[in-house]
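> Provide a 3D model corresponding to the input given below.
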Amino acid sequence: MAATRAEWPRSRSSRSARTLRRLEGLRPRLDRNGRLVVAARSVRSFAFGLNAVALGLYLADSGLSAAETGWVLSAALVGTMGLTLLIALRGDRLGRRRVLVAGCALMSLAALIPILGTNALALGAIALSGMVSITSNESTGLHTIDQALLPGTVAAADRTAAFAFYNVMAALASSLGALALGPLLGVASLLGLTGPDAYAPAFVSYALLGLVAMGLATRLDGRAEVAAAPVDQAGGGSVELGRAGGLRRSRSVVLRLSALFSLDSFAGSLAVPAFLAYWFSTRFDARPEAVGALFFAGGLLTAISFPFAVWLARRVGLIRTMVFTHIPASVFLICMAIVPWLPAAAVLFLARAALSSMDVPRASPTRWRPLILPSGLLRRASPASPGAAPRSEGPRSPGRCSCHSASACR
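Predicted structure coming up:
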């Protein structure tokens with residue numbers, strides 16, 4: 001009995017040591033570029049979470065017709081799609097740092113929104129820049145540069161943890177951005193701004209945050225760029241890449257996944273956060289502060305769903321995780337359009353937020369990438385990346401091929 005009692009401290013200490021080792025394994029060891037990438041993404045996500053809610057409520061209060069509102073939101077989607085395709089096809093040739101800096105600079109155009117007032121044509125023209133976000137999750141194409149950079153900033157064993165950390169930080173920042181709308185409206189009240197003008201501090205904050213993200217992007221060093229030619233690590237020679245973004249053997253898989261995720265993205269583009277904020281305001285006359293708090297809670301649930309999705313996928317499989325979370329999420333969205341009460345719609349919105357991002361292959365690139373790419377090809381992604389076009393969560397920027405043999409890319 002005494003020996004058993006003596007073993008208790010040892011067992012407790014061993015359990016504590018195992019727990020510490022697990023927690024240490026969850027923290028990626030990012031280099032300087034990696035930390036800058038995550039920081040810049042967090043700043044952009046905070047801004048996008050703020051702008052997605054503010055723009056929807058601004059359109060609701062501006063007196064624009066439904067058709068004019070649809071034009072502005074559609075122009076924003078077309079702009080992000082065009083920017084994503086440009087980055088996918090020319091991002092590395094233009095230079096990754098230049099693309100990140102230019103994209104963040106374009107965010108400053110949002111400061112013109114209060115000046116333009118209710119001119120739908122001018123608002124649509126600004127939205128076509130691709131950087132006036134209407135989604136709380138970044139869909140501008142800049143994240144494709146991030147995700148091409150990130151694997152090179154950590155050891156191979158830490159790549160999954162790095163992507164998980166990157167996604168969770170972005171989701172949390174986006175949630176805080178939505179919550180920040182309330183205090184900014186308080187600032188507008190102190191300044192005597194009313195009606196649509198009350199959202200001017202939010203748009204100016206979005207523009208300033210773009211400048212902060214631009215400053216972080218300028219601090220990336222030369223390792224962020226791509227070498228002139230892919231190198232075969234085994235033989236030292238150049239690797240011949242296929243015309244479809246370096247993919248030959250996996251082209252059919254890429255096409256099928258692209259079709260699947262493009263359909264999902266098209267459906268998702270019909271219920272972007274900016275439109276949902278507009279809908280809550282016009283349908284239920286919800287207060288802006290309440291809408292911001294609701295999107296904050298939804299963002300937190302989305303962030304929590306990422307690690308839970310990984311846990312669930314390990315037990316039931318990737319496909320089942322996607323199917324059995326997306327079906328109820330879609331049902332909740334349908335019910336939101338039917339219920340006549342704001343509290344019921346809010347509960348359905350939160351339930352959807354908890355499930356709609358649990359399609360693990362989309363939420364974590366490291367989950368679906370092995371289906372497409374050989375194990376070593378972690379820095380290149382195809383222009384036919386899943387979900388590229390409709391919601392602009394598109395292809396990763398082509399990068400350096402680190403395959404161990406040239407034949408792996410064929």
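
> for the stretch 201-350 of the chain, what are the low-confidence residue spans?
227-250 (pLDDT under 70).

> now do the SS call for A337.
Assigned state for A337: helix (three-state reduction, DSSP: H, G, I helix; E, B strand; the rest coil).

> ok, now V132?
coil.

> number of residues surrounding it?
29 (other Cβ atoms under 10 Å). Where C-beta positions appear, they are placed from N, C-alpha and C, glycine not excepted.

> got the contact list for it?
N51, L55, A76, G79, M107, L109, A110, I113, I126 (Cβ atoms under 8 Å, 6 or more residues apart in numbering).

> mind checking the SS state of V226?
Per three-state DSSP, V226 ends up coil.

> state the distance from it to M131.
According to Cβ to Cβ, to the nearest Å, V226 stands 23 Å off from M131.

> circling back: closest one of the contacts of V132 to L301?
N51 (20.4 Å; Cβ to Cβ).

> got a list of what the residue lying closest to that closest one once chain neighbours are set aside touches?
Using Cβ to Cβ, 6 or more residues apart in numbering and skipping the chain neighbours, the partner closest in space to N51 is Y206 (4.6 Å). The contact partners of Y206, taken as Cβ under 8 Å, 6+ apart, are A47, L50, N51, A54, M107, A110, A111.

> which strand or helix spans the first one?
With secondary structure defined by DSSP states H and E, A47 is part of helix 32-61.

> and the next helix or strand past that helix?
Past helix 32-61, the next helix or strand by DSSP H and E is helix 66-94.

> quick one on the thing from earlier: ok, so of the contacts of Y206, who is nearest F284?
A54 (17.9 Å).

> that closest one and P201 touch, don't they?
No - counting by Cβ atoms under 8 Å, A54 stays clear of P201, with 9.2 Å between them.

> neighbour count winner among the two?
More crowded of A54 and P201, by other Cβ under 10 Å: A54, with 31 against 23.

> follow-up on the earlier one: got a markdown table for the contacts of V132, with neighbour count and pLDDT too?
Below are the contacts of V132 laid out as a markdown table (neighbours: other Cβ atoms under 10 Å; pLDDT from 0 to 100):
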| residue | neighbour count | pLDDT |
| --- | --- | --- |
| N51 | 33 | 93 |
| L55 | 29 | 94 |
| A76 | 29 | 90 |
| G79 | 25 | 90 |
| M107 | 27 | 92 |
| L109 | 19 | 89 |
| A110 | 28 | 88 |
| I113 | 28 | 88 |
| I126 | 21 | 90 |
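
> in TSV: those, plus distance to A313.
Shown next, in TSV, are those (distance: Cβ to Cβ, whole Å):
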residue	distance to A313
N51	32
L55	34
A76	32
G79	33
M107	34
L109	39
A110	37
I113	40
I126	40
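
> picking that back up, for the helix holding A47, packing partners?
The criterion is 3 or more Cβ pairs under 8 Å, 6 or more residues apart in numbering; DSSP states H and E, and the helices and strands that helix 32-61 contacts are helix 66-94, helix 96-106, helix 142-149, helix 159-179, helix 181-190, helix 200-218, helix 273-284, helix 288-316.

> run the last query once more with 7 Å
helix 142-149, helix 159-179, helix 181-190, helix 200-218, helix 273-284, helix 288-316 (3 or more Cβ pairs under 7 Å, 6 or more residues apart in numbering; DSSP states H and E).

> tell me the most buried of these?
Ranked by mean neighbour count, the helices and strands packed on helix 32-61 are led by helix 142-149 with a mean of 26 (mean count of other Cβ atoms under 10 Å).

> and the angle from it to helix 159-179?
Angle, helix 142-149 to helix 159-179, by axes from the mean of the first three to the mean of the last three Cα atoms, to 10 degrees: 160 degrees.

> from the contact counts, what lies against the host helix or strand of S262?
Assigned by DSSP H and E, S262 falls within helix 251-268. Under the contact criterion of 3+ Cβ pairs under 7 Å, 6+ apart, helix 251-268 touches helix 365-372.

> count the neighbours of the closest residue in space to F284 that isn't next to it in sequence for me.
Residue nearest to F284 in three dimensions, not counting chain neighbours: L342, with 4.1 Å by Cβ to Cβ, 6+ apart. As a burial measure, L342 scores 15 neighbours (other Cβ under 10 Å).

> how much space between L342 and F163?
Using Cβ to Cβ, one gets 36 Å for the distance from L342 to F163.

> check the offset of the helix holding S262 from the chain's centre.
Average the C-alpha atoms of helix 251-268, do the same for its chain, and the two points are 17 Å apart (Cα atoms, centre = their mean, to the nearest Å).

> residues of that helix that come out buried?
R251, V254, L257, S258, L260, F261, S262, D264, S265, G268 (16 or more other Cβ atoms under 10 Å).

> now the angle between helix 66-94 and that helix, please.
Using the same axes, to 10 degrees: helix 251-268 against helix 66-94 is 150 degrees.

> in this structure A303 contacts L172, no?
Yes - here A303 reaches L172: they are 5.2 Å apart, a contact under Cβ atoms under 7 Å.

> residues shared between the contacts of these two?
Here A303 and L172 have no joint contacts, going by Cβ atoms under 7 Å, 6 or more residues apart in numbering.

> quick one on the thing from earlier: the more surrounded of V226 and M131?
Taking other Cβ under 10 Å, V226 and M131 do not tie; M131 has more neighbours (29 against 21).

> distance check, that one against A207.
Distance check for M131 against A207: by Cβ to Cβ, it reads 10 Å.

> common neighbours of those two, please.
M107.

> on the three-state scheme, I334 is what?
I334 ends up helix, using three-state DSSP.

> any idea how far A277 is from it?
19 Å.

> for S133, what are phi and psi?
phi -70, psi 140 (degrees, to the nearest 10).

> and A155, how many residues sit next to it?
12.

> now it, nearest residue through space, not along the chain?
Using Cβ to Cβ, 6+ apart, the nearest residue to A155 is R29, at 6.7 Å.

> ok, now A162?
Nearest one to A162, counting by Cβ to Cβ, 6+ apart, is P28 at 3.9 Å.

> check D92 too.
Closest to D92 by Cβ to Cβ, 6+ apart is V226, at 4.6 Å.
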